[in-house]
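1. Using only what follows, build the 3D model:
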Amino acid sequence: MDFNFSETQVMLRDTLSRYLADTYDFDKRAAMLRRDGGRDPGVWKALATELGILGAALPEAYGGFGGGPIDSMVLMEEFGRAIAVEPYVATVVQGAGALVETGGAVAEALVPGIIAGEVILGAGFYEPQGRYNPADVATTAKADGAGWVLNGHKAVVVAAPYATHLLVSARTGGGQREADGVSLFLVEAGQKGVVRRDYPCVDGYMASEIYFENAAIGAEALLGAEGGALPLIGKLLDHAAMAQCAEATGAMKKLHELTLDYAKQRKQFGKAIGDFQVIQHRLVDMFMEAEQATSMTLMGTLRLDDAERPKWVSQAKAKINKGARALGQWAVQTHGGIGITQELPAGHYFKRLSIIETQFGDFDWHMGRLEAGL
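-> Predicted coordinates for the structure are as follows:
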């Protein structure tokens, strides 16, 4: 099996890397987070119009490059190195992924808008009572004439504060935890009856609690077959999990580099702490965790079309969750107290890795899925 990237993928990686090096240095990123909305909208627009990378993983039929998950993996690793707060996972991996899978007039209208940077999505598949179970859906969609009426609550919807549309699950039949009866809807963010409570997360991303209060939506808002969306939602969550594994890999590599540089400069007892054997061993352990994360991410991404996709995804996510925590803790310990200050980049990488560890299934959840053989 050839594990080398194509020329196009190498070009995408290098182009994004150069752009982020100029746009997302530590001081510029900090200034972005202080802005209203916690981001610079011009960056997302530049990714679409100047770099043209938002369509890299999307089909040519919609104006994309005809790539796939490997292209998203390449891009996400670079986003991770810069700890960029851009909504690629929610918008491209999940949002465009759902639209391409279901097709139709809505997809034809919105996917080109995603590629152009004009459409941003927030994906709400989780609810407070359900933890990581996408079948635990209390939000309801009741048929009303030619449309639907939504009521319910979606938790920690990343990118929702500035999204143009929301991709959400709602129950159109069955009991609260039943696999059947879950449907997928695309709702305009400004729709009457959609109430948001916005807040910043510890890693700098903005998220929202979304409340649907008799939100009336049209028939076209239903994506795919009524009551049969859970397999697609599971696929979208697994694709998002692997994209975030790639992001974690980039962040882990960069945090190792930062820690290595610090160990060469910080002196204790008249010599650089990197000269002490215990620190050298720790730096080697960090390097190994980052390299293992790279391998697991690639294997999991290559298996996204496999019949045993959940197994491969859970193996990768569980390993990377564990490795990211260990590497982040070692980095902070090596830096000492300054490692968790706002003024030093290392603490920000640690925070982002800590959040990634909890998104799309933590270590225990993925180990449980492996044990269940799902």
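2. Pull the contacting residues for Glu118.
-> Glu118 makes contact with Ala48, Thr164, according to CB atoms under 8 Å, 6 or more residues apart in numbering. For glycine as for every other residue, the C-beta is placed from the backbone atoms N, C-alpha and C.
3. I'd guessed Asp198 sits against Ala207; true?
-> Yes: between Asp198 and Ala207 a contact is recorded at 7.5 Å, counting by CB atoms under 8 Å.
4. Need the overlap of contacts for those two.
-> Common neighbours of Asp198 and Ala207 (CB under 8 Å, 6+ apart) are Ala160, Pro161.
5. for the stretch 1-150 of the chain, which spans come out with low pLDDT?
-> The model of the stretch 1-150 of the chain has pLDDT under 70 over residues 1-2.
6. Which parts of it are helices?
-> 7-23, 26-34, 41-49, 69-81, 88, 97-102, 104-115 (DSSP state H, counting those that start in this stretch).
7. Just name the most buried of these.
-> helix 69-81 (a mean of 25; mean count of other CB atoms under 10 Å).
8. what separates it from the chain centre, distance-wise?
-> Helix 69-81 sits 10 Å away from the centroid of its parent chain (CA atoms, centre = their mean, to the nearest Å).
9. Over to stretch 131-140?
-> 19 Å.
10. buried set for that stretch?
-> Of all the residues in stretch 131-140, those buried under the rule 16 or more other CB atoms under 10 Å are Tyr132, Pro134, Ala135, Asp136, Val137, Thr139, Thr140.
11. Who has more neighbours out of Asp198 and Ala207?
-> Ala207 (21 against 15; other CB atoms under 10 Å).
12. and the helix or strand containing the more buried one with helix 26-34, angle?
-> Ala207 is located in strand 206-217, with elements delineated by DSSP states H and E. Between strand 206-217 and helix 26-34, the angle comes out at 40 degrees (axes from the mean of the first three to the mean of the last three CA atoms, to 10 degrees).
13. how many neighbours does the residue lying closest to Ala216 once chain neighbours are set aside have?
-> Once flanking residues are discounted, Ala216 sits nearest to Val149: 5.4 Å by CB to CB, 6 or more residues apart in numbering. Residues lying near Val149 (other CB under 10 Å) number 18.
14. mind giving me the domain ranges of the protein?
-> The chain resolves into domains spanning 7-119, 122-228, 231-372 when parsed by automatic domain parsing.
15. The last one: end-to-end distance?
-> Domain 231-372 has an end-to-end distance of 17 Å (CA to CA, to the nearest Å).
16. List of residues touching stretch 267-286?
-> Contacts for stretch 267-286 (CB under 8 Å, 6+ apart): 252, 255-256, 259-260, 263-266, 326-327, 330-331, 333-334.
17. Widest-spaced pair of those residues?
-> Greatest spacing in these, by CB to CB: Gln265 and Ala326 (23.3 Å).
18. Between these two, which is the more surrounded one?
-> With neighbours defined as other CB under 10 Å, Gln265 and Ala326 compare such that Ala326 has more, 15 against 9.
19. roughly how far apart are that one and Gln244?
-> 17 Å (CB to CB, to the nearest Å).
20. And for Asp306?
-> Taken as CB to CB, the span from Asp306 to Gln244 is 19 Å.
21. the more surrounded of these two?
-> Neighbours were counted for Asp306 and for Gln244 using other CB under 10 Å; Gln244 has more, 23 against 12.
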